[in-house]
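A.B. asks: Any chance you could fold what I've pasted below:
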Amino acid sequence: MENRNITAKITVCSYEELTDGEKKLIDAAKEASNRSYAPYSRFQVGAAALLSGGTMVTGSNQENAAYPSGTCAERTTLFYANSQYPDRAVESLAIAAQTGGKFIEHPTAPCGACRQVILETEQRYNHPIRIYLYGTDEILIIESVRTLLPLCFGKNDLPEQAE
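C.D. replies: Below is the predicted model of the structure:
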């Protein structure tokens, strides 16, 4: 038997330390959280994706009384980006959340389902997605979803399809 350690490299910074482009992406995610439909959890999440070529798209969480019927901001954003701009890779993704009219102090990470969708998007374009998790006290920067999902299951784990 052996033990293996999995480490994660995450950059921690403040809003002031970001470039103007990074601030714009986070600001778009924060603005998108205002369009959230979250009457049950009252946890409003917004996401913004920067695509190759400079296009930015946003989305927010959309709840439903039958909880599994809703969708997270990250999936709303990435599904929209993939359907409307199928030839543009997602370069980066920012996520911001607020509750009670105030943005959260510590960043919240994507749920497992969203991590899987981010992984599939990375694999689709063969390009890592830089992820920004916004909190008022700190911002976490992750170079690829593989940092958040190190033992991932993706398209390479499926049997090859007959042609």
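A.B. asks: neighbours around N3, how many?
C.D. replies: Look at N3: counted by other CB atoms under 10 Å, it has 4 neighbours. All C-beta atoms are positioned from the backbone trio N, CA, C, and that covers glycine.
A.B. asks: likewise L149?
C.D. replies: 18.
A.B. asks: Next: the one 4 residues further on.
C.D. replies: By the criterion of other CB under 10 Å, F153 has 10 neighbours.
A.B. asks: Not counting sequence-adjacent ones, nearest residue to it?
C.D. replies: Nearest non-adjacent residue to F153, counting by CB to CB, 6 or more residues apart in numbering: Q116, 7.7 Å away.
A.B. asks: Under the pLDDT cut-off, which ranges of this structure? List them.
C.D. replies: 161-163 (pLDDT under 70).
A.B. asks: Please enumerate the helices of the protein.
C.D. replies: Taking DSSP state H as the criterion, the chain carries its helices at 20-33, 73-84, 112-125.
A.B. asks: Looking at those, which one is packed in the most?
C.D. replies: helix 73-84 (a mean of 21; mean count of other CB atoms under 10 Å).
A.B. asks: what's the angle from that helix to helix 20-33?
C.D. replies: 110 degrees (axes from the mean of the first three to the mean of the last three CA atoms, to 10 degrees).
A.B. asks: Now do helix 73-84 against helix 112-125, angle only.
C.D. replies: Going by the same axes, to 10 degrees, helix 73-84 makes 30 degrees with helix 112-125.
A.B. asks: Which other helices and strands does helix 73-84 contact?
C.D. replies: helix 20-33, strand 43-51, strand 56-60, strand 90-99, helix 112-125 (3 or more CB pairs under 8 Å, 6 or more residues apart in numbering; DSSP states H and E).
A.B. asks: Relative to I139, which of the ones you listed is closest?
C.D. replies: Closest approach to I139 among the helices and strands packed on helix 73-84 (CB to CB): helix 20-33, 7.2 Å.
A.B. asks: closest to N82 out of the helices and strands packed on helix 73-84?
C.D. replies: helix 112-125 (6.7 Å).
A.B. asks: elements contacting the closest one?
C.D. replies: Checked by 3+ CB pairs under 8 Å, 6+ apart, helix 112-125 has helix 73-84, strand 90-99 packed alongside it.
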